[in-house]
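> Kindly generate the corresponding structure for this input.
(2 chains)
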2 protein chains.
Amino acid sequence: MAPPAAIEVLAETDTSTFTIPDRLTLQSVAKRRAASGKVNAGVAAAADVEAFKGATQHLHKPKAKRWDHRLTTEAKARKASSLKNAARLLKTPGLISLGGGLPSSEYFPFDEVSIKVPQNGQFSEKATHEHGKVVTAGKHDLAEDKSLFDVATAFQYGQGTGSAQLLRWMIEHTELVHDPPYQDWSSTMTVGSTSATDMAFRMFCKPGDWIMTEQFTFPSMVETVRPMGVQVAGIPMDEYGMRADALDELLSNWNEAERRGPKPFVLYIVPTGQNPTGATQPEQRRRDIYAIAQKHDLYILEDEPYYFLQMQPYTGPNSPDAPPPASHEDFLKSLVPSYLSMDVDGRVMRFDSFSKVIAPGSRLGWITASEQICDRYRTHADFSTQGASGMSQLILFKLLEDHWGHEGYLDWLIHIRMEYTARRNTILGACERYLPKDIVSWVPPMAGMFHWLQIDYTKHPAYVAREKTMDEIEEEIFLKNVERGTLLMKGSWFCGEEGVERDVMFFRATYAAAPFEKIDEAIRRFAGSVREVFGLEQLSNGSH
Amino acid sequence: MAPPAAIEVLAETDTSTFTIPDRLTLQSVAKRRAASGKVNAGVAAAADVEAFKGATQHLHKPKAKRWDHRLTTEAKARKASSLKNAARLLKTPGLISLGGGLPSSEYFPFDEVSIKVPQNGQFSEKATHEHGKVVTAGKHDLAEDKSLFDVATAFQYGQGTGSAQLLRWMIEHTELVHDPPYQDWSSTMTVGSTSATDMAFRMFCKPGDWIMTEQFTFPSMVETVRPMGVQVAGIPMDEYGMRADALDELLSNWNEAERRGPKPFVLYIVPTGQNPTGATQPEQRRRDIYAIAQKHDLYILEDEPYYFLQMQPYTGPNSPDAPPPASHEDFLKSLVPSYLSMDVDGRVMRFDSFSKVIAPGSRLGWITASEQICDRYRTHADFSTQGASGMSQLILFKLLEDHWGHEGYLDWLIHIRMEYTARRNTILGACERYLPKDIVSWVPPMAGMFHWLQIDYTKHPAYVAREKTMDEIEEEIFLKNVERGTLLMKGSWFCGEEGVERDVMFFRATYAAAPFEKIDEAIRRFAGSVREVFGLEQLSNGSH
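The predicted model follows:
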């Protein structure tokens, strides 16, 4: 792709007098938009990412590393569509196209799509039901200059990148939150992070390879990659998530013969509110891991569905709550910096998702990575998933762009933050009240949906007597839970690496879904199960 | 999966007195639904395909062949999700789940989704705009017994199959139209047929394999499979599409050493309104190809986006139009039987799509195949694409199930049929009027979006004088077209097989998208280009 003229001119200027531009802010978004001109927003229009990023905003940054040495044959073999190349001719004035096999929007049986959504600042389900705002997308709003996006465009075929209209919002949001420290970063839409993970593995992994991830991890990720013939190495964790020293040790001592595979270079991590442990890596841990990624030339897959489920500090059961963020700036500053925000090399692919903060059913997210990697991703998307559902894109565009804008969305995220804080505090309060602390221990989660409860199985009489194994006790607690009417997940289900001895026992509880009073009751039942299985007395305020 | 009790009982009865049940009809759908009971329609509920099919309806049919010998290591290695297995416990009465990592629907910022859609029988864009019906999905319609589907359910996580609510409609529709002649057929949702093709190739093909398809084919399909290291063999065609004898010949004489690959068994075909040729295989051609598939143990991928773009017979430029189908039954009888409808072995995976008959932006379709194959597909979907967008699913459910029903949808398809007939007749009329018939020839398309125009390049003076090649003349016409303000696609872009000599020249024109009068004008311009390139006189009513 030829660089826009503005970049060429600037590249010739004397860089010693060059002033580093200010970082994009909520206030400067409108200015950039005005400067970059009208969005090319027609049917299947290509998204002009450079314009969305602001042509000169990133020129002072280094360029990303190339990843040719890491990409698979499949990923390298993909070519842009020959038919889509012909579509460039569509810009010829007066041209009548009998070219593209697109149905006429005349035959889309939809005249309007409306959504009833929260007014800014009145975010509760009840407030939305009672006096939410109805936002409508008409069929030809774009041609009629009413909106940048409409039914005729969104419900038509699109590009593997997703629509320019919504992608612009994503790029601005990404820059506001992360401001990647290299020049040629880009974003492209996904049909959800599960699919994006599948596609990323196909870009980097071949049968016989290993990838690395946290010791306890999201089983679906493992079940995505293992059928490709790829094995998963689990890196030991502490309360701050993956241990940097353990990662370095694994890589420094990798034995190809023993492992029957080359030294791995793909690192899959969930740095914030990790599933299942709930652990959040603090900034320094991230910097340490990034340094090790540089040392061993790793490529990092940063999967961050829970990033905006970072909560208020936990002040304990009897202390007043911390006040909510005082401004959008305060809120953004309160977030742990992402890997993307420290990625000077372009070695991170970040997965963003709406599943935990808007709705999982959108099946729509985006990745951010260097242009080389985004290009490989979107070329694959063009021939597999294509863009995300246009119906989802239109609904999210109407909510995020035409209704809320960036500010309104941050307000919504602050609302979600406070709600999850209350939920987290509820489960921690219940744990304090009901659980036998000599047997069950935990670290208060700072982000995400999960509370990770460690069980000291060595105190179980049958374990002491060598009559039961750890696994048997885990199963016993699990079944006792169901009998007492609560479901928690067994920690053993989350072991990423096959055939590794475990010597710790955990249960995962989510506080995201159940109503507040049921969370309390469920933990009371869980406490009853543990007490019963361990032969302790029941509490007098009584688990039944 | 254990068979429902009804099947077990029946299997023990004396089959000599067994009466073959009547085929499902529009009239009997309601009866079956009543008999199969309430749909399990909650959050991420598993779809009970057996109930949707009617437990005893298909027992008299043979069972599908097994395809273990054809599936890839990857496809065979996939296992059901361990966490989703735990979800079965959710049916325990009174259970409070802290198990699944699902966000509470309380935090979906949507109270309602509404669509304005055509009233039954008043299908034009204008009628829909002026007095279309507004159909609304509320947040908790399911809990409030107002509908089977709602925002809280559709916008939540779902299954790889897609939602039970919409899948039931798809299965009934499939049975009404195709009634597959084997017992254990099933359907599962896709995120569009491009993705489904990608996933099907990964199920059946490994690097070094060949697949077979029509000589001229959809380039995106080739660009999907080739990076997987799979080659494409093009089967010669005539006006009825792929030639059965040529397919048999290729397979009977396959030379592994010469081709550097094993004898192929995956046959990808677009039997109706094929892209780019517009060819439609008549019933006998399909039966012949199916017999050859049986002879060589092929697996057929039947990609049918244009199936419901079958048009009225072409009666010529000056004859009255054929009357529209008199009833739903007449309409269904007018359709060429599908491969699925003749698939006694379960060797067909049929791809259905809404892209050409509702809207491409839904990114939602479905496949129909044997339970073994559907199971492998949906297990892959669980760890990659997941289900189609819930937003799309809800919109289509409201339109197809809650508003139109099966009858209304068939009415809509008849409307589309008549519209495409008029479009096809417009382009054929223009071709008759403007094109030099000694140089350009064509077969009237019976289905689809494409008109395939053959150019007799051997009549070009520079070809006769050996001064220009066929490819140069094709390029010259293409560029002249753009110069004269019209875009048609070069036939050479649609050659599936690499490195094969061509001795025919075609251009593809679509009549699906442009307004009627522009179609006429575009063909007039195309005629002018051909005349100019071939050095003929321009028509006096004149291409400009």
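
> and the stretch 201-350 of chain A, which residues reach chain B?
A:Pro219, A:Ser220, A:Glu223, A:Thr224, A:Arg226, A:Pro227, A:Met228, A:Gly229, A:Asn275 (Cβ under 8 Å from any Cβ of the partner chain). (Glycine included, C-beta is placed from N, CA and C.)

> can we see that at 6 Å?
Residues of the stretch 201-350 of chain A lying close to chain B by Cβ under 6 Å from any Cβ of the partner chain are A:Pro219, A:Ser220, A:Glu223, A:Thr224, A:Pro227.

> Compare those and tell me which is most surrounded.
The most crowded member of these, judged by other Cβ atoms under 10 Å in any protein chain shown, is A:Thr224 (25 neighbours).

> which residues does it contact?
A:Thr197, A:Asp198, B:Phe383 (Cβ atoms under 6 Å, 6 or more residues apart in numbering or on different chains).

> just the angle between the strand or helix carrying the first one and helix B:193-204, please?
Secondary-structure element containing A:Thr197, defined by DSSP states H and E: helix A:193-204. Relative orientation of helix A:193-204 versus helix B:193-204 (axes from the mean of the first three to the mean of the last three Cα atoms, to 10 degrees): 60 degrees.

> Nearest to A:Gln538, out of the contacts of A:Thr224: which one, please.
Nearest to A:Gln538 among those: B:Phe383, at 41.4 Å, using Cβ to Cβ.

> does the closest one really touch A:Val225, like I thought?
No - between B:Phe383 and A:Val225 there is no contact under Cβ atoms under 6 Å: 8.7 Å.

> and the longest helix along chain A, how far out from the chain's middle?
What stands out as the longest helix in chain A, according to DSSP state H, is helix A:405-434. From the chain centre to the centre of helix A:405-434 is a distance of 18 Å (Cα atoms, centre = their mean, to the nearest Å).

> Over to stretch A:361-373?
10 Å.

> isn't there a strand covering A:Met212?
Yes - assessed with DSSP: H, G, I helix; E, B strand; the rest coil, A:Met212 lies in a strand.

> Might one say that it is in contact with A:Ala233?
Yes - under the contact definition of Cβ under 6 Å, A:Met212 touches A:Ala233, with a separation of 4.9 Å.

> And those two? Which one has more around it.
A:Met212 (23 against 20).

> Which parts of the stretch 351-500 of chain A are strands?
Here the stretch 351-500 of chain A has its strands, by DSSP state E, counting those that start in this stretch, at A:365-370, A:440-441, A:450-455, A:486-487, A:489-490.

> tilt between the third one and helix A:405-434?
Right, strand A:450-455. Using the same axes, to 10 degrees: strand A:450-455 against helix A:405-434 is 20 degrees.

> repeat for the first one
Interaxial angle, strand A:365-370 versus helix A:405-434 (the same axes, to 10 degrees): 110 degrees.

> Show me what strand A:365-370 pairs with in its sheet, parallel or antiparallel.
Sheet pairing of strand A:365-370 (DSSP bridges) gives strand A:185-190 (antiparallel), strand A:348-353 (antiparallel).

> go on, the fourth one?
In its sheet, strand A:486-487 lies beside strand B:96-97 (parallel), with partners assigned from DSSP bridges.

> Now do the strand it pairs with: distance to the chain's middle.
41 Å.

> pLDDT (mean, whole number) over it?
Averaged over strand B:96-97, pLDDT sits at 92.

> Same question for stretch A:272-289.
Rounded mean pLDDT across stretch A:272-289 is 98.

> Stretch A:365-377 now?
pLDDT averaged over stretch A:365-377 gives 98.

> which residues touch that stretch?
Under Cβ under 6 Å, 6+ apart, the answer for stretch A:365-377 is A:64, A:75, A:170, A:174, A:184, A:186-190, A:192-193, A:196, A:203, A:340, A:346, A:349-353.

> Then stretch A:20-29?
Contacts for stretch A:20-29 (Cβ under 6 Å, 6+ apart): A:Gln57, A:His60, A:Glu172, A:Glu175, A:Leu176, A:Asp179, A:His328, A:His406, A:Glu407.

> again with stretch A:323-343
Counting by Cβ under 6 Å, 6+ apart, A:26, A:178, A:180, A:283, A:286, A:290, A:300, A:302, A:310, A:348, A:350, A:368, A:410, A:414, A:418 sit against stretch A:323-343.

> and the two most separated of the contacts of stretch A:20-29?
Between any two of these (Cβ to Cβ), the greatest distance is 27.4 Å, for A:His60 and A:Glu407.

> Point to the helix or strand of chain A where mean pLDDT is at its lowest.
helix A:5-12 (a mean of 40; mean pLDDT, DSSP states H and E).

> residue with max distance from the center of chain A?
Distance from the C-alpha centroid of chain A peaks at A:Ala465, with 45.1 Å (Cα atoms, centre = their mean).

> Just want to check the distance between that residue and B:Leu59.
Distance, A:Ala465 to B:Leu59, using Cβ to Cβ, to the nearest Å: 55 Å.

> ditto for A:Arg378
47 Å.

> Check A:Gly121 too.
60 Å.

> So for the two, which sits in the more crowded spot?
Comparing A:Gly121 with B:Leu59 by other Cβ under 10 Å, the one with more neighbours is B:Leu59, at 18 against 11.

> follow-up on the earlier one: overlap in contacts of A:Met212 and A:Ala233?
With Cβ under 6 Å, 6+ apart as the test, A:Met212 and A:Ala233 reach no residue in common.

> Could you list the low-pLDDT ranges of the stretch 251-400 of chain A?
For the stretch 251-400 of chain A, applying pLDDT under 70 flags no range at all.

> What ranges does it have for its helices?
A:256-259, A:283-295, A:328-334, A:371-382, A:390-397 (DSSP state H, counting those that start in this stretch).

> what would those helices look like in TSV with mean neighbour count?
As requested, the helices of the stretch 251-400 of chain A are exported to TSV (neighbours: other Cβ atoms under 10 Å in any protein chain shown):
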stretch	mean neighbour count
helix A:256-259	10
helix A:283-295	17
helix A:328-334	14
helix A:371-382	22
helix A:390-397	28
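
> so how far is the first residue of stretch A:38-49 from its last?
13 Å (Cα to Cα, to the nearest Å).

> next one: it to chain centre, how far?
25 Å.
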